[in-house]
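Peer 1: The amino acid sequence is not available; the structure is as follows:
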């Protein structure tokens, strides 16, 4: 089980911003099969379910989806630094893939901060190694961008 928790949550008029401590998990691939005549879809990442509890915790701070129109999402992933990696390296260019990290977070926030992830019209994302100033986790910002 991961120690995943929301450290700070700001619910503004047009923006939601919070930081989640814990090792970010990638979406991974999904597998589908039929069991007892019903379709079952599973993820290849066994830790994803724990990571998705972030969305449930965030839901405690909101009522309905906060934004009903277009949103901009900004994600900053801070991942564990290997012990032997020199401090001069700060960009994370290894697995997990950035696009799979993005998918895991955006899918988790669907129905909480926006009705459907099709409302996301713009995403900014980056991944870095942790250091003394930035602990492992992800900073999430969701901004409403108007009524159109």
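Peer 2: Good, I have the coordinates. None of these values were measured; they are calculated from a predicted model. Residues are numbered from 1 along each chain as shown.
Peer 1: Run through the helices of the protein in chain order.
Peer 2: 48-59, 98-109 (DSSP state H).
Peer 1: Let me know whether residue 73 touches residue 106 as I believe.
Peer 2: Yes. Residue 73 lies in contact with residue 106 (C-beta atoms under 8 Å); the separation is 6.4 Å. Bear in mind the C-beta positions are built from the backbone N, C-alpha and C, glycine included.
Peer 1: what sits in contact with each of the two?
Peer 2: Jointly contacting residue 73 and residue 106 under the rule C-beta atoms under 8 Å, 6 or more residues apart in numbering are 120, 123.
Peer 1: got a pLDDT number for the residue nearest to residue 34 when sequence neighbours are not counted?
Peer 2: In this structure, residue 34 finds its nearest non-sequential neighbour in residue 40, 7.1 Å apart by C-beta to C-beta, 6 or more residues apart in numbering. What the model reports as pLDDT for residue 40 is 75.
Peer 1: For residue 40, which residues are in contact?
Peer 2: Taking C-beta under 8 Å, 6+ apart, one finds 32-34 in contact with residue 40.
Peer 1: Tell me the buried residues in stretch 123-139?
Peer 2: By neighbour count on 16 or more other C-beta atoms under 10 Å, the buried set for stretch 123-139 is 125, 127, 129-130, 136-139.
Peer 1: low pLDDT regions in this protein?
Peer 2: 1-13, 29, 41, 43-64, 147-148 (pLDDT under 70).
Peer 1: Which residue ranges of this structure form strands?
Peer 2: 5-11, 15-21, 30-35, 38-43, 71-79, 120-129, 137-144 (DSSP state E).
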